[in-house]
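1. All I have is the shape, not the residue letters:
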């Protein structure tokens with residue numbers, strides 16, 4: 001038979017667990033959302049670059065970077081912010097933004113968080129394919 005002190009401890013533990021679950025549920029951390037695939041995040045940023053270009057007549061410079069999508073760098077015609085998405089990849093690393101007059105590239109460093117390694121993800125603007133260098137081939141173009 002269970003003693004009264006053991007029963008009190010069981011009830012106390014049960015009540016504590018219930019309180020913790022209610023607190024976590026109340027603050028919204030109880031639901032775990034799957035991460036958005038990196039390829040979709042990069043495509044979304046490329047789309048915001050196009051809207052930026054429509055408003056401002058050009059893409060952000062290397063100096064302005066992707067931050068120009070969030071805060072006005074002093075450009076006439078800027079109507080942003082163009083995104084509420086953080087300018088970081090799924091793994092919390094800043095994207096690498098490369099730009100010249102003919103193309104823009106946004107690179108995610110991938111799961112290893114190191115640029116220019118086999119798991120980097122970026123879009124090839126010539127073919128508009130997303131390239132997952134982990135597989136060493138373009139991902140099927142979904143557009």
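-> Sure thing, it's come through. Quantities reported herein were computed from a predicted structural model and do not represent experimental measurements.
2. What are the structural domain limits within this structure?
-> 1-32, 38-138 (automatic domain parsing).
3. Export those as TSV, with columns for mean neighbour count and mean pLDDT.
-> For the C-beta atoms, the positions are set from N, CA and C on the backbone; glycine is no exception. Formatted as TSV, those follow (neighbours: other C-beta atoms under 10 Å; pLDDT from 0 to 100):
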stretch	mean neighbour count	mean pLDDT
domain 1-32	9	71
domain 38-138	15	82
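4. where exactly do the strands run in the chain?
-> Taking DSSP state E, the strands of the chain run over residues 96-99, 104-108, 121-124, 129-132, 137-138.
5. can you pull out the helices in this protein?
-> Under the criterion DSSP state H, the chain carries helices at the ranges 4-26, 38-56.
6. could I get those helices as TSV with distance to residue 80?
-> Shown next, in TSV, are these (distance: least, C-beta to C-beta, whole Å):
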stretch	distance to residue 80
helix 4-26	34
helix 38-56	7
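7. looking at those, which is closest to residue 94?
-> When these are compared by C-beta to C-beta, helix 38-56 sits nearest residue 94, at 11.8 Å.
8. Sweet, I'm off.
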